[in-house]
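*Asks:* Need the 3D shape of this:
(chains A and B, ligands or ions: 2)
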Amino acid sequence: MSVQLEQITRRNPRNGRPIVDNVSLAVASGSFTALVGPSGAGKTSLLRIIAGLDPHQAGHVSIDGTRVDTLDARARNIGFVFQHYALFAHMSVAANIGFGLSVRPRGQRPRRDVIARRVEDLLDLMQLSGLGGRYPHELSGGQRQRVALARTLATGPRVLLLDEPFGALDPLVRRQIRGWLRSLHERLGLTTILVTHDRQEAAELADTVVLMRHGRIVQAGTPQALEDTPADPFTMAFTGDLVRLGGRVENHVFTPDLPDILPVTAPIAAGPAELLVRPVDIALRPGQGQATAVLRQARGPLGLYDVRLGTDTLQVETLMPPDRPRILPHCALDVTAGRLARDNAWASVETPPFPGPPSIHPTGERIHAQHS
Amino acid sequence: MSRLLFALVVYLLVAVMVVLPPVMVFAAALSHGLRVAMATLAEPDALSAIRLTMIVTGISVAINTVFGTMAAWTLAHFRFPGRNLLVVLIELPLSVSPVVGGLVWLLVFGTQGWWGAALERWGHPVLFAPPGIVLATVFVTFPYVTRTLMPMLAHNGREAEEAAVMLGANLWQVLWHVTLPGARLALLSGVLLTTARAMGEFGAVSVVSGHIPGLTETMPLHIETLYNGYQTVAAFTMAALLALMAMGVVMARNLTERRHGRTENTA
Ligand SMILES: Nc1ncnc2c1ncn2[C@@H]1O[C@H](COP(=O)(O)OP(=O)(O)OP(=O)(O)O)[C@@H](O)[C@H]1O
Ligand SMILES: [Mg+2]
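*Replies:* Ligands and ions are numbered 1, 2, ... in the order given. Next up is the predicted model:
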């Protein structure tokens, strides 16, 4: 089932300020969408509007092309998994899972044994066999999460909304459940929208990543599109590790404040600016500067180098030259792959103004750097 | 060392202020032996007072459980104009002297009051009769169920209720299958508190009861009558019984509270 949002606005009932601000989004049937953004961006609010739990003051929600703005939450046949599971503490696991079927109106309610069988099937599907008689407080966090998911799936919703469902789980369990959720999504042909704080989770799971801030959608696209063409500095900062280098632009050349970073051409007016670059995109250029790179640790073909730039030290992880030198003297850093930011304006930098000798790793360049 | 000292002071205070009075009451009750004490409870007026107290308590608790639950649920779920005022009003009986509560009913149902004369002519007087005693008790004990239930419903239950709605449950199914069972320990605790308070109510009941022995005297009122009539053993025996009943209820409440604390943050 597809979900369309047209210019949805929800205002804070107390002060009238928009919580969700003119949001439009088309979610294709069968797609997996990740909703990301900083705390307070309005992710939960948007999910609740789609579910029908919160009203919106403007715009339309459509499911499969039919407007559902006035439809009750319980009539939308949407599955919602809450952040803190929201299991019924006084009911057994089986009763929790069977709840949705047992509250159906008399004519549509399956017989008891049919419900029981469905619950058993779901317990198996969720790898919870044998736990039907337990109570929620007798389960681990990961098990509770799966019970919550099973309970939601029991009524056969076609749209699944998940609000930070893995937030409280340890990283290992998180990873397991993540892979398993994706396969479930495909097996059941669901349309899934997942809120997460974890950008890696979003990138691994979703076909489309939607980045929100201040109630608005900043950028929506494939994880690759967000990585390749971030809409603004905020998006770039949100979607991956970042090194920020301050500096100045004069005559269309950006010169970083730190020494031994090669200047780059900058198609923006003179003045202060910031260069944003992924640590993996920084290259080491021996023979072009005064910095010394000292090998801290070798990991297979990769070397972790400390590069001292004035008073700052950058750690750079890069493919080592074949002779695995412990010390690379006279290095400079090449940040051509970065982007220049001034306030919210945005520009790619271009080829370095002075073509130099090739980098120490002509192919398969993988560098990791961070401030330390 | 100072910690021990403080503990000692607290022990002493509790001993003098809390433990001593009931012990004295029991001692006075048994001063002529258990048999004499029990005999005073078998007096017709005493039996009638015990019965009336139980009936009034039962009815008041039932009424306050139903209305208190409704009030708590409404206040926890809906935002509407005047809601804060309503919360204050519900707590009013806690701060207003029970005598005032009794006097209000006197105004409404007294022969000089609004409906009193009409009810009297109809043959169902409210004042100086059990219905008035129930009304006065309901007024005094109204806040307890609401107060114990409301925070519980407002904080712990919202997500579970919304989950139930998303699973297709209607309002009544949510209330019956999710909200009330989820809050049952808080509800029980509120009900027991109401019970303890209803059994012991003196001031408000005293205003509307008329003190007719054998007819409109509850246990606390009967204790006063006995004491004023120099029937010390009978007065203290009934007081001891009332204290025992209250202690039983409070103990039951403590048990539920402890269980409550244990299972609260589970799901
Ligand atoms: N019922 C409400 N009344 C008033 N303000 C609200 C309400 N619900 C949410 N807000 C406000 O709306 C904004 C968005 O909240 P929301 O919960 O949607 O953020 P979020 O993106 O889910 O954040 P998080 O990642 O922390 O969960 C916040 O500023 C919040 O304070
Ligand atoms: Mg949220």
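*Asks:* which residues of the stretch 151-267 of chain B score low on pLDDT?
*Replies:* Within the stretch 151-267 of chain B, the stretches with pLDDT under 70 are B:259-267.
*Asks:* try 90 this time
*Replies:* Confidence mapping of the stretch 151-267 of chain B against pLDDT under 90 gives the ranges B:151-159, B:171, B:175, B:180-186, B:189, B:207-215, B:232, B:250, B:252-267.
*Asks:* just the helices in it please.
*Replies:* Applying DSSP state H, counting those that start in this stretch to the stretch 151-267 of chain B gives helices spanning B:158-166, B:171-173, B:180-182, B:184-200, B:203-209, B:219-228, B:232-263.
*Asks:* May I see the buried residues of the fourth one?
*Replies:* When burial is assessed from 16 or more other Cβ atoms under 10 Å in any protein chain shown, helix B:184-200 yields the following buried residues: B:185-200. Heads up, the C-betas are built off the backbone N, CA and C, glycines and all.
*Asks:* re earlier: out of the helices of the stretch 151-267 of chain B, which comes closest to chain A?
*Replies:* Taking Cβ to the nearest Cβ as the criterion, helix B:158-166 is the member of the helices of the stretch 151-267 of chain B that comes nearest to chain A, at 3.7 Å.
*Asks:* Return the residues of the stretch 1-150 of chain A in contact with ligand 1.
*Replies:* For the stretch 1-150 of chain A, the residues in contact with ligand 1 (Cβ under 6 Å from any ligand atom) are A:N12, A:P13, A:R14, A:I19, A:G37, A:S39, A:G40, A:A41, A:G42, A:K43, A:T44, A:S45.
*Asks:* Only the buried subset of those residues, as a PyMOL command please.
*Replies:* Only the buried entries of these go into this PyMOL selection, using 16+ other Cβ under 10 Å:
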select buried, chain A and resi 19+37+41+42+43+44+45
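*Asks:* now the helices of the stretch 151-267 of chain B as JSON lines including distance to B:V108?
*Replies:* Shown next, in JSON lines, are the helices of the stretch 151-267 of chain B (distance: least, Cβ to Cβ, whole Å):
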{"stretch": "helix B:158-166", "distance to B:V108": "37"}
{"stretch": "helix B:171-173", "distance to B:V108": "34"}
{"stretch": "helix B:180-182", "distance to B:V108": "32"}
{"stretch": "helix B:184-200", "distance to B:V108": "20"}
{"stretch": "helix B:203-209", "distance to B:V108": "10"}
{"stretch": "helix B:219-228", "distance to B:V108": "21"}
{"stretch": "helix B:232-263", "distance to B:V108": "29"}
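*Asks:* For ligand 1, find the nearest of those helices.
*Replies:* With Cβ to the nearest ligand atom as the measure, helix B:158-166 is the member of the helices of the stretch 151-267 of chain B nearest ligand 1 (10.8 Å).
*Asks:* Would that closest one count as contacting chain A?
*Replies:* Yes: with Cβ under 8 Å from any Cβ of the partner chain as the measure, helix B:158-166 is seen reaching chain A through B:E159, B:A160, B:E162, B:A163, B:A164, B:V165, B:M166.
*Asks:* Count the residues that sit near the last one.
*Replies:* B:M166 is surrounded by 27 other residues when neighbours are defined as other Cβ atoms under 10 Å in any protein chain shown.
*Asks:* From B:L242, how far off is it?
*Replies:* Using Cβ to Cβ, to the nearest Å, we find B:M166 at a distance of 49 Å from B:L242.
*Asks:* Provide the secondary structure category for A:L295.
*Replies:* strand (DSSP: H, G, I helix; E, B strand; the rest coil).
*Asks:* re the thing from before, if we check chain B, which of the residues of the stretch 1-150 of chain A next to ligand 1 are in contact?
*Replies:* Restricting those to those within reach of chain B (Cβ under 8 Å from any Cβ) leaves A:P13.
*Asks:* out of the residues of the stretch 1-150 of chain A next to ligand 1, which one sits closest to chain B?
*Replies:* Of all these, A:P13 has the smallest distance to chain B: 7.6 Å, by Cβ to the nearest Cβ.
*Asks:* which residues does the closest one contact?
*Replies:* B:R79 (Cβ atoms under 8 Å, 6 or more residues apart in numbering or on different chains).
*Asks:* which SS class is it?
*Replies:* The three-state assignment at A:P13 reads coil, by three-state DSSP.
*Asks:* remind me, longest helix of the chain?
*Replies:* In the absence of a named chain, this looks at chain A. Assignment by DSSP state H gives helix A:171-187 as the longest helix of chain A.
*Asks:* Chain B is the one I meant
*Replies:* Longest helix in chain B, counting residues (DSSP H): helix B:44-77.
*Asks:* angle of whichever helix or strand comes after the longest helix of chain A against helix A:171-187?
*Replies:* Once the chain leaves helix A:171-187, the next helix or strand it forms, by DSSP states H and E, is strand A:191-195. Angle, strand A:191-195 to helix A:171-187, by axes from the mean of the first three to the mean of the last three Cα atoms, to 10 degrees: 160 degrees.
*Asks:* What about residue 130, how many residues nearby?
*Replies:* Defaulting to chain A. A:G130 is flanked by 9 other residues according to other Cβ under 10 Å.
*Asks:* actually chain B
*Replies:* B:P130 has 16 nearby residues by other Cβ under 10 Å.
*Asks:* Return the residues in contact with it.
*Replies:* Applying Cβ under 8 Å, 6+ apart, we find B:P130 in contact with B:L52, B:I55, B:V56, B:T216.
*Asks:* If we use 7 Å, what do you get?
*Replies:* B:L52, B:V56, B:T216 (Cβ atoms under 7 Å, 6 or more residues apart in numbering or on different chains).
*Asks:* Give me the phi and psi angles of the closest residue to A:P223 other than its chain neighbours.
*Replies:* Excluding the flanking residues, the one nearest A:P223 by Cβ to Cβ, 6 or more residues apart in numbering or on different chains is A:A203, at 4.1 Å. Phi and psi for A:A203, reported as degrees, to the nearest 10, are phi -70, psi -40.
*Asks:* Quick check: A:A203 vs A:F32, distance?
*Replies:* From A:A203 to A:F32 the distance is 12 Å (Cβ to Cβ).
*Asks:* B:A15 too?
*Replies:* For B:A15, the distance to A:F32 equals 68 Å [Cβ to Cβ].
*Asks:* In terms of neighbours, single out the busier of the two.
*Replies:* Neighbour tally, B:A15 and A:F32, criterion other Cβ under 10 Å: the higher count belongs to A:F32, 22 against 11.
*Asks:* Now do the contacts for the more buried one.
*Replies:* Per Cβ under 7 Å, 6+ apart, neighbours of A:F32: A:H185, A:T192, A:L205, A:A206, A:D207.
*Asks:* Out of the helices of the stretch 151-267 of chain B, which is closest to A:G141?
*Replies:* helix B:158-166 (15.8 Å; Cβ to Cβ).
*Asks:* What residues of the closest one count as buried?
*Replies:* B:E159, B:A160, B:E161, B:E162, B:A163, B:A164, B:V165, B:M166.
*Asks:* Turn the helices of the stretch 151-267 of chain B into CSV, columns for distance to ligand 1.
*Replies:* Output for the helices of the stretch 151-267 of chain B, formatted as CSV (distance: least, Cβ to the nearest ligand atom, whole Å):
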stretch, distance to ligand 1
helix B:158-166, 11
helix B:171-173, 20
helix B:180-182, 21
helix B:184-200, 24
helix B:203-209, 40
helix B:219-228, 47
helix B:232-263, 27
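*Asks:* Tell me the pLDDT of the closest residue to A:L46 other than its chain neighbours.
*Replies:* Leaving aside its chain neighbours, A:L46 sits nearest to A:V20 (5.3 Å; criterion: Cβ to Cβ, 6+ apart). Residue-level confidence at A:V20 comes out at 95, pLDDT.
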